[in-house]
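Colleague: Got a predicted structure here, sequence first:
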Amino acid sequence: MFDALKNLKDKAEDLAAAHGDKISEGLEKVGDFIDDRTDGKYSEKIDTAVDKAQDYVEQLGEHKN
């Protein structure tokens, strides 16, 4: 089971390293979409969540570099 989880982590790191910029752009678009659908009611929380997710993707990508 640990091997399967390690393989999954390695794949996530590979994807983040290779496509981190596209993932970050996608997160931004999703955040904007949700913000629009909620009429800006949760803008600050959405922005915070998107920023944290983008930071996490960046960190994952750095593990492979």
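Modeller: Sure thing, it's come through.
Colleague: next helix or strand past the lengthiest helix in the chain?
Modeller: The residue-count maximum for a helix in the chain (DSSP state H) belongs to helix 2-37. Next along the chain after helix 2-37, taking DSSP states H and E as the criterion, comes helix 43-64.
Colleague: Tell me how many other residues surround Ala17.
Modeller: Per other CB atoms under 10 Å, the neighbour tally for Ala17 reads 16. C-betas here are computed from N, CA, C, even on glycine.
Colleague: Please read the previous query as pertaining to Gly61.
Modeller: If we define neighbours as other CB under 10 Å, then Gly61 has 21 of them.
Colleague: hang on, the earlier thing: so the longest helix of the chain versus helix 43-64, what angle?
Modeller: Per axes from the mean of the first three to the mean of the last three CA atoms, to 10 degrees, the angle that helix 2-37 makes with helix 43-64 is 150 degrees.
Colleague: Buried ones in helix 2-37, by neighbour count?
Modeller: Of all the residues in helix 2-37, those buried under the rule 16 or more other CB atoms under 10 Å are 13, 15-17, 20, 23-24, 27, 31, 35.
Colleague: centre of the chain versus it, how much separation?
Modeller: Centroid separation for helix 2-37 versus its chain: 4 Å, with CA atoms, centre = their mean, to the nearest Å.
Colleague: Can you list the low-confidence ranges for this structure?
Modeller: For the chain, applying pLDDT under 70 flags the ranges 64-65.
Colleague: 90 instead, please
Modeller: Counting by pLDDT under 90, the chain contains low-confidence residues at 1-4, 6, 9, 60-65.
Colleague: how about the buried residues of helix 2-37 in TSV, adding distance to Asp55?
Modeller: Formatted as TSV, those follow (distance: CB to CB, whole Å):
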residue	distance to Asp55
Glu13	15
Leu15	16
Ala16	11
Ala17	15
Gly20	11
Ile23	12
Ser24	10
Leu27	10
Gly31	13
Asp35	19
